[in-house]
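Participant: Could you work out the structure for the sequence below:
(one chain, ligands or ions: 1)
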Amino acid sequence: MSTPLPIDVLPTWTRFNNVELDGIQVGQVEGKGLGFVADRDLTTDKGPPTLLKIPRDAVLSAEAVGDYAKVDHKFRQLLEGMGHETPRIAIMLYLLAHYRAPAGGAGSHKGIASTPWTEYIRFLPRQIPTPTLWTEDERLLLRGTSLEKAVNAKLATLVSEFDHLREISADLPFWQSLLFEGNAITVKDWALVDAWYRSRSLELPNAGDSMVPCLDMANHSDVPNAYYEETSDGEVVLVLRPESTASSGDEVTISYGAAKSAAEMLFSYGFIDRSTAKEEITLALDPLASDPLAQAKVHIYGRSPLVRLTRAKGEGVSWHSPFVYLMCVNEEDGLEFKLLQDKAGGRELRVFWQDEDVTSTVDDFESHVQTHDLHSVFQLRVVSVLQQLVEAQLERARSSPIPEQEHDASSRQASGVDYLRIVATLREMECSLLEEATASLAEQQAALLLQDDVRVYLGLTEDVPIEKSSAQVANEEPDFS
Ligand SMILES: C[S@@+](CC[C@H](N)C(=O)[O-])C[C@H]1O[C@@H](n2cnc3c(N)ncnc32)[C@H](O)[C@@H]1O
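Facilitator: Numbers count the residues shown, from 1 in each chain. Down below sits the predicted model:
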């Protein structure tokens, strides 16, 4: 494994790799690890100064990894072996190769072609406060939060990616020896590389998701004094914001964006900034156990069914879940699944609503059911399902107090991050949102139960109820009888 380098060697690396810092240095910042600190007073009196300039050839994008694979045939074999790789997998393989391999030049038997990243990777922290790297004890803190399932699912994905890497390396002697002989790397290393990618990559307009050396030392603030941009020739620059100043010794920060919820911030970066975090919670939506079409619905939907609850200032809680409408209709309502044969003899599952093939628009079931006579009844089913889900999550959050005694305080100290405090913030923010969502869903449910068509359907009036099938009754299991 490449050995870590002390950060005071970074100026030598920047000189060799044409990275220019002007007015800032990398140093320790209280509670945030490394960060940028102004080394003189910075103002925009003569226009916003450029504080950092990174040349295009040091930027690590999917395209850069592709170019590298053209030079290093051993790496190309690894990349191709992984199959239809995403930018994330391509960049992670590149990082892993440089993390593990001693540099040696393309022709070298032992090493891989060296790049600015061969050394730069040695400045990256080996301890990152993202939950995928927490100990099992620390992960217990997440019980009752939306991250409980998400982190477990992510860990399972990391294990399966790592197993796949091990399988394909079995046919690639160089990688087999470098990565797996004597368990040289383990799934923990793969998780570390994933955490580097998640916490340090950013989206550039042209290069796409990329890792930019040195710029990835910039910490987040809700009142940032700098921003980055990609120039037309692919350089990346960090610039002081107009109207901003920084005195010598002040931290220079950027914004990581306001689009992430508290859970997403913790998941991606290992901290929560209350003032920037979006008020949102994402919950997994399990299909109804009594639904005979549950499997077909999940298959045709093709992704994990989720519900996203969002609270916008002054607008209450709204929810978004394309799957929940599909989940709440059944054969008796006009839903049908058919296995169709294509020209090549393959079989494909298609979904029909009122005899129309809606396979390509399953995300749009809300509009598909809109014109149906039983629309309000479907709406009631949806609201009831969501209310049960939200209530169960709230109950779980409330009944899962932070297990102080189970928590390994020493590992918390070692990483310098107070996970207890962070999880308490997450829990508090999520409970507050869930409480408002429960109240709002109860109101919607009550309003729907007053509607004539719903009352007739449920037999709550003198009028003759529309005949219900057993499957419909099953669908209504949420308790609104
Ligand atoms: C892009 S890196 C920034 C450089 C990093 N501090 C380092 O030591 O290499 C992002 C990481 O910095 C830390 N960080 C950034 N902004 C922070 C903040 N406002 N509060 C706490 N930690 C922060 C988190 O650990 C995050 O995962």
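Participant: Look up the closest residue to the closest residue to the ligand within the chain, ignoring the ones flanking it.
Facilitator: Proximity of the chain to the ligand (Cβ to the nearest ligand atom) peaks at residue 33, 2.7 Å away. Yep, even glycine has a C-beta here, placed from its N, CA and C like the rest. Using Cβ to Cβ, 6 or more residues apart in numbering and skipping the chain neighbours, the partner closest in space to residue 33 is residue 125 (5.9 Å).
Participant: So what does that neighbour look like in phi/psi?
Facilitator: phi -70, psi 140 (degrees, to the nearest 10).
Participant: shouldn't it be in contact with residue 32?
Facilitator: No. With contact defined as Cβ atoms under 8 Å, residue 125 does not count as touching residue 32 (10.9 Å).
Participant: For the protein, which residues are neighbours of the ligand?
Facilitator: 31-35, 125, 128-129, 199-200, 216-217, 219-221, 269-271, 273 (Cβ under 6 Å from any ligand atom).
Participant: Now, the residues you listed that are in strands?
Facilitator: In this view, the residues of the chain next to the ligand that belong to strands under DSSP state E are 33, 34, 35, 219, 220.
Participant: Output the below-cut-off pLDDT ranges for this protein.
Facilitator: For the chain, the stretches with pLDDT under 70 are 102-110, 402-416, 462-481.
Participant: what's the burial count for residue 428?
Facilitator: 13 (other Cβ atoms under 10 Å).
Participant: what helix or strand is it on?
Facilitator: helix 419-449 (DSSP states H and E).
Participant: which helices and strands sit right next to that helix?
Facilitator: Under the contact criterion of 3 or more Cβ pairs under 8 Å, 6 or more residues apart in numbering; DSSP states H and E, helix 419-449 touches helix 262-269, strand 280-284, strand 306-312, strand 316-320, helix 375-398, helix 452-458.
Participant: hmm, 7 Å instead?
Facilitator: helix 262-269, strand 280-284, strand 306-312, strand 316-320, helix 375-398 (3 or more Cβ pairs under 7 Å, 6 or more residues apart in numbering; DSSP states H and E).
Participant: how about these, which one is nearest residue 297?
Facilitator: For those, proximity to residue 297 was assessed by Cβ to Cβ; helix 375-398 is nearest, at 12.8 Å.
Participant: Please, where are all the helices along the stretch 51-200 of the chain?
Facilitator: 62-71, 73-82, 87-100, 116-120, 136-140, 147-169, 173-175, 187-200 (DSSP state H, counting those that start in this stretch).
Participant: export these to JSON lines and tack on mean neighbour count?
Facilitator: Converted to JSON lines, the helices of the stretch 51-200 of the chain look like this (neighbours: other Cβ atoms under 10 Å):
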{"stretch": "helix 62-71", "mean neighbour count": "17"}
{"stretch": "helix 73-82", "mean neighbour count": "18"}
{"stretch": "helix 87-100", "mean neighbour count": "22"}
{"stretch": "helix 116-120", "mean neighbour count": "21"}
{"stretch": "helix 136-140", "mean neighbour count": "16"}
{"stretch": "helix 147-169", "mean neighbour count": "16"}
{"stretch": "helix 173-175", "mean neighbour count": "17"}
{"stretch": "helix 187-200", "mean neighbour count": "20"}
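Participant: Would you mind putting those into a markdown table with distance to residue 247 alongside?
Facilitator: Shown next, in a markdown table, are the helices of the stretch 51-200 of the chain (distance: least, Cβ to Cβ, whole Å):
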| stretch | distance to residue 247 |
| --- | --- |
| helix 62-71 | 36 |
| helix 73-82 | 45 |
| helix 87-100 | 36 |
| helix 116-120 | 29 |
| helix 136-140 | 37 |
| helix 147-169 | 38 |
| helix 173-175 | 50 |
| helix 187-200 | 27 |
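Participant: among those, which is nearest residue 447?
Facilitator: The nearest among these, by Cβ to Cβ, is helix 147-169 at 31.0 Å.
Participant: quick revisit: count of residues packed around the residue of the chain closest to the ligand?
Facilitator: Other residues close to residue 33 by other Cβ under 10 Å number 18.
Participant: How about the one 5 residues further on?
Facilitator: In terms of burial, residue 38 registers 21 neighbours under the definition other Cβ under 10 Å.
Participant: Write down the beta-bridge partners of it, one by one.
Facilitator: Taking DSSP bridges as the rule, residue 38 bridges to residue 24.
Participant: Quick check, it in contact with residue 25.
Facilitator: No. Assessed by Cβ atoms under 7 Å, residue 38 is found out of contact with residue 25, at 8.2 Å.
Participant: Do a quick rundown of the helices in the stretch 201-350 of the chain.
Facilitator: So, for the stretch 201-350 of the chain - with DSSP H, counting those that start in this stretch - the helices run 262-269, 294-301, 322-327.
Participant: I'd like the ones you listed laid out as TSV, including mean neighbour count and distance to residue 18.
Facilitator: Compiled in TSV, the helices of the stretch 201-350 of the chain are given as follows (neighbours: other Cβ atoms under 10 Å; distance: least, Cβ to Cβ, whole Å):
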stretch	mean neighbour count	distance to residue 18
helix 262-269	22	29
helix 294-301	16	49
helix 322-327	22	47
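Participant: Next, format these as JSON lines and append distance to residue 336.
Facilitator: Converted to JSON lines, the helices of the stretch 201-350 of the chain look like this (distance: least, Cβ to Cβ, whole Å):
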{"stretch": "helix 262-269", "distance to residue 336": "37"}
{"stretch": "helix 294-301", "distance to residue 336": "10"}
{"stretch": "helix 322-327", "distance to residue 336": "12"}
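Participant: What's the separation between residue 73 and residue 80?
Facilitator: 10 Å (Cβ to Cβ, to the nearest Å).
Participant: Same question for residue 192.
Facilitator: 24 Å.
Participant: Also residue 440?
Facilitator: Taking Cβ to Cβ, one finds residue 440 at 51 Å from residue 80.
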